[in-house]
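In: Would you be able to build a 3D model of this:
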Amino acid sequence: MFRIGIIVLALYGLAPGVASAGETPSQDRKIERLVDYSRRGSGAGPNSPRATGPGSAAFDQSYDLHPAQGSGGALVLFVHSRFWNERQPDSLVERGFVRGLVRAGHSVAVLRHRLGEKGRHPIAVQDVARAVASLLDRVEAGEFDSDRVFLAGHSSGAQLALLVALDPRWLAREGKDARALAGVLSLSGIVDLAADAVGSDEEERMILAAFADSKARRAASPSEYVNPDLPAILLLNAARDIPGYLGAARRYAKKARAAGQPAIENLVAVGRDHYSILDLATSGGVHHVFEFLESRPREGILPEMWSIASTWRDPELSTEEFHLRYDGLVREYEADRRIVEVANLPFRTKPGAPIRLRFSRYKAIDLVALLEAMGPSRIGSGEWLEVTNARGEKAFFSMSRIRELAPRVVIGVDDERNLFRATDLYHTRRRYTWVDAAASRVDMARPLGAFLYFSGEEPSNTESSTLVGRYSLTIDSFRRRQSDPLEALADLPTLVRETLVSEHTCISCHRFREVGGRAFHIRARDGKSMGGHALPLERYPAVVWKRFVYDQRRVAEEVGANAVDLAPPVARALYDFVVAERNRRRLEPWNRPDRERD
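Out: Numbers count the residues shown, from 1 in each chain. Okay, here's the model as predicted:
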């Protein structure tokens, strides 16, 4: 089944404060072990008495407080639970979750609750509410930043954390409310306890042991609640999570947004499973946690990824208009391996990268039929076709070849009608590749959109790139021409023309002799153009053009882009011809970015 949303994420390095493998945190402040919260309100101080250890009456109603190294971080209250009957191994919690957060400058309290028969609902949630209240007492006493208190949990611990925050009754019994929290972090959490949401018989047995009946299950399901007083909720699921967990989180996030939850986001930890998502001490896939904890939800300041996810859930760009205007031309087909691979080409930036977009059916319109239906008044007439995508890239075809190859315009997969929701993120090291100045980090989007699919014979590489200009198509992407759009390049030397038009398809992104594309970046957070347009080849500054041609690998590394390997004879021929063209036409290079032009 097709999964809506951002399906591929940019590669990140170590998240802020993440410890490298093998590091052990130094202890600047002493860890408080087995702090008993069960007697809160009895007159005992917040740090006493201590539980005596596993097996004692108070052990299951205690917490360990791991103070941050330094000051200024968040306080994370982590509910330690594994299917309400046991706890995750300490190696996962302390060496992974706690160590990663402490290294990042955050304090972590690991909360225990009564287990098994002694902890049947509502006992466990009452314990968690009391533990949270006990720590909020310390926040109110000035020990921690009151604007940065986050409640967190993993698996069943996330269910308890969410329930305490979403159902105001639990904290109210302790004299507290969710407005004291900055947000809730659910890691591979159980959000729906209904029988039809359970993924396995084993899980069902554990739920039956923890909850008396269907009424209790429903009352304890976070998916039944919305709390407008809670500033933010992050539902982070592993890419290889327990079956059903990711879908349940997505359904709940959609339901909660519709019901008025102020800020709730469901994101995916790439490369993680249900247990490794807890390991915040190693890099990869868990940067969302650090970004969330470094935000200030109570002030309305949320991670940029939340804006990105919101933008691409309902993007301005859409393939919906194809369905609305040309519904009679739409046909549905069974998806085979080949079309799945073609749909994933924009996202597979490295050889062997995994398939991320999977679907069983797709909807498409025959391109020739679409062009005829659009008619001359909309797209012009002629025997040449110019295709321009949402990122300013172009592809060129003769109509005779289009009739022969009979490509389809794919406009939907499974039940999804807007393919712009499937979006890849990337970033470069410079905003303008030809200006020697570092750029601030800006994530950019490469959406799938409608795309051309040649179900039979593919055009040769002398006719069209397999990637550039074929994806991110809209209803306005097509234009028929009376004459060959590439006619102005017909007299180029063979080596130069092959390089520009077929071998490297330079003119799909750049213009030369006023022919070609004007590619640009789409800013991920709002879906708008963000400058950095590809310049006409003749307009690059002389030094920049020379480096682009002769020093591609180093330039690509500086810019953060893929290198274009030019054989020495090709590089020499292309460089000389473009310089000669600039001189012949007496063109001035564009040495500085211009907002309107670039």
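In: Could you use CA atoms for every contact and neighbour count after this?
Out: Will do.
In: Pull the residues that contact the helix or strand where Arg218 lies.
Out: Per DSSP states H and E, Arg218 falls inside helix 214-219. The contact list for helix 214-219 (C-alpha atoms under 8 Å, 6 or more residues apart in numbering) reads His121, Leu193, Ala194, Phe211, Glu224.
In: and of those residues, the nearest to Cys509?
Out: Glu224 (49.6 Å; C-alpha to C-alpha).
In: Pull out the buried positions in the helix holding Arg218.
Out: Neighbour-count burial for helix 214-219, counted by 16 or more other C-alpha atoms under 10 Å, picks out Arg217, Arg218, Ala219.
In: ditto for stretch 131-146
Out: Buried-residue list, stretch 131-146, by 16+ other C-alpha under 10 Å: Ala131, Val132, Ala133, Ser134, Leu135, Leu136, Val139, Phe144, Ser146.
In: any idea how far the fourth one lies from His113?
Out: Read that as Ser134. When distance is defined by C-alpha to C-alpha, to the nearest Å, Ser134 is 13 Å away from His113.
In: Would you map the helices across the stretch 351-500 of the chain?
Out: Secondary structure of the stretch 351-500 of the chain (DSSP state H, counting those that start in this stretch): helices at 367-374, 376-379, 399-405, 494-497.
In: that older thread, for the contacts of helix 214-219, pick the one with the most neighbours.
Out: Using other C-alpha atoms under 10 Å as the neighbour criterion, Leu193 leads those with 25 neighbours.
In: ok, now which ones touch it?
Out: Ile207, Arg217, Arg218, Ala220, Ser221.
In: redo that, cut-off 6 Å
Out: Contacts for Leu193 (C-alpha atoms under 6 Å, 6 or more residues apart in numbering) come out as Arg217, Ser221.
In: Backbone torsions only: list them for it.
Out: Leu193 adopts backbone torsions of phi -100, psi 0, taken as degrees, to the nearest 10.
In: Got the confidence number for it?
Out: With respect to pLDDT, Leu193 scores 87.
In: Can you pull out the low-pLDDT segments for the stretch 1-150 of the chain?
Out: For the stretch 1-150 of the chain, applying pLDDT under 70 flags the ranges 1-29, 41-57, 88.
In: quick one: the helices in it?
Out: 90-92, 99-103, 123-140.
In: Around Arg99, how many other residues sit close by?
Out: 27.
In: what's the answer for the one 4 residues further on, then?
Out: Here the number of neighbours of Arg103 (other C-alpha under 10 Å) works out to 21.
In: on contacts alone, who are the packing partners of the longest strand along the chain?
Out: Scanning the chain for the longest strand, with DSSP state E as the assignment, gives strand 264-273. The contact analysis (3 or more C-alpha pairs under 6 Å, 6 or more residues apart in numbering; DSSP states H and E) places strand 264-273 against strand 233-240.
In: I figured Ala335 was touching Lys363, is that so?
Out: No: assessed by C-alpha atoms under 6 Å, Ala335 is found out of contact with Lys363, at 9.5 Å.
In: Tell me which of these two has more neighbours.
Out: Lys363 (21 against 16).
In: Ignoring the adjacent residues along the chain, who's closest to the more buried one?
Out: Glu332 (4.4 Å; C-alpha to C-alpha, 6 or more residues apart in numbering).
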